[in-house]
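**Q** have a look at this prediction, sequence included:
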Amino acid sequence: MSLSKTQIATSDKVVANNSALQQARALALPSRNEMLKRAPTVQRFWDSNRVLLENAWQEWDELNKQLAEWVTESLISEPLRNAVALAWEDPAREQAVANLWEEVLPGVYQAQLFDVEKLHLLRAYLDGVADAGIPLRPPYGIALNRNGGMLDARSEGYLAAPAFQEFYNLIMDKYMRPISRMLFPEIMGFDTQTFGFSIQYQEGMDTSLRPHTDASAATMNVNLNLPGEAFKGSEVDFFNQETGKVTRTVFAPGVAMLHRGSVPHAAQPITGGSRTNMVLWLYGDRMQIPRGVSLTSMADAKSRWTVPSNPKDSFAPF
Ligand SMILES: O=C(O)CCC(=O)C(=O)O
Ligand SMILES: [Fe+2]
């Protein structure tokens, strides 16, 4: 087949009609029902279109440079960004990073991850992603979350836009892993692999999550709601297994909650507005997580502030 030179306009850009972007936009997505049944055709859809979708996201990224331009480390809240930069230079200074994380209940920490003034730039990018017309696989953890998307390259149908991938990997490697190692020493070595997804709760759509633990060593859950973008309900409850105490948390815009995957938690029903977040996991090769009595790792600060050289595997819980 000869390649057509015909071009058609999409928004303000011009896309060749035989491009990966156009082909990806023409794909018929598996139905929600097929996804809920985990039909084999769904897996085939994502597997057989993997390269096409990656190419489509790459094209989309190039056409949307004005959106991607801000999706960089500059979105990280300045105190955390500065403290983390110093810790990478000199791991003996890591305590200044730990000091920015407040323990809201035993083993659950929160900090300002994103600068609230800049968060709209990330949301604008993600709104562009949602409007790109490229099939993005929604996460199916406990429930299928229709407005979410898989973020890590290990997941089929993931958000493969190069600008986003660079940003995602930076958050995982430069921030989440060394910080998790500091707060949860026993995860050292069970943190080589990354996994992530975005979710959105909305009344009448996807509303809550029953109590569960995550199949991760550590989970970082980041609220992407903007200041003024209010929602009702949708608190995240954390259960202290030793005392039976339940701590109800409400995330402020740009705040990250960091906890071991083994801490039970649940999302209460949302009764107004919407809540958008990004959930990031670390686990070991072949999805290994620390088990049993948590032994404090003997790792020193210098080894915490490193990026493991283990090759990425493709184990994913969903
Ligand atoms: O609603 C939340 O923020 C929690 C999400 C969560 O626990 C999960 O997706 O595993
Ligand atoms: Fe969870």
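**A** That came through, no problem. Ligands and ions are numbered 1, 2, ... in the order given.
**Q** for ligand 1, what is the nearest residue in the stretch 201-318 of the chain?
**A** Nearest residue of the stretch 201-318 of the chain to ligand 1 (Cβ to the nearest ligand atom) works out as Ala267 at 3.3 Å. Yep, even glycine has a C-beta here, placed from its N, CA and C like the rest.
**Q** okay, and the beta partners of that residue?
**A** For Ala267, the beta-bridge assignment (DSSP bridges) gives partners Leu209, Val236.
**Q** that one against Ser234, yeah?
**A** Yes: assessed by Cβ atoms under 8 Å, Ala267 is found in contact with Ser234 at 6.1 Å.
**Q** between these two, which contacts overlap?
**A** Common neighbours of Ala267 and Ser234, using Cβ atoms under 8 Å, 6 or more residues apart in numbering, are 201, 208.
**Q** show the pLDDT at Gly273.
**A** We have a pLDDT of 96 for Gly273.
**Q** is it fair to say Phe197 lies in a strand?
**A** Yes: judged by DSSP: H, G, I helix; E, B strand; the rest coil, Phe197 forms part of a strand.
**Q** quick one: the strands in the chain?
**A** 7-10, 13-16, 102-105, 108-112, 149-150, 193-202, 209-212, 218-223, 231-233, 236-239, 246-249, 255-260, 265-267, 270-283 (DSSP state E).
**Q** count of neighbours near the nearest residue to Ser274 once chain neighbours are set aside?
**A** In space, Ser274 comes closest to Gln202 once its chain neighbours are excluded; the distance is 4.3 Å by Cβ to Cβ, 6 or more residues apart in numbering. Each residue near Gln202 was counted by other Cβ atoms under 10 Å, and the total is 17.
**Q** ok, Gln202 - contacts?
**A** Contact analysis of Gln202 by Cβ under 8 Å, 6+ apart lists 147, 270, 273-274.
**Q** ok, back up a step: I'd like the strands of the chain as CSV, with distance to Leu170 appended.
**A** As requested, the strands of the chain are exported to CSV (distance: least, Cβ to Cβ, whole Å):
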stretch, distance to Leu170
strand 7-10, 29
strand 13-16, 27
strand 102-105, 23
strand 108-112, 17
strand 149-150, 18
strand 193-202, 11
strand 209-212, 27
strand 218-223, 13
strand 231-233, 28
strand 236-239, 25
strand 246-249, 26
strand 255-260, 14
strand 265-267, 26
strand 270-283, 12
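**Q** least reliable of these by average pLDDT, please.
**A** strand 7-10 (a mean of 44).
**Q** for ligand 1, what's its nearest residue on the stretch 51-200 of the chain.
**A** Across the stretch 51-200 of the chain, no residue is closer to ligand 1 than Gly141, which sits at 5.0 Å (Cβ to the nearest ligand atom).
**Q** which pLDDT value belongs to the spatially closest residue to that residue that is not a sequence neighbour?
**A** Excluding the flanking residues, the one nearest Gly141 by Cβ to Cβ, 6+ apart is Phe318, at 5.4 Å. As predicted, Phe318 sits at a pLDDT of 94.
**Q** mind listing what the closest residue to Asp47 other than its chain neighbours touches?
**A** Closest residue to Asp47 apart from its sequence neighbours, by Cβ to Cβ, 6+ apart: Glu156 at 5.9 Å. By Cβ under 8 Å, 6+ apart, the residues touching Glu156 are 43, 46-47, 50, 137, 150.
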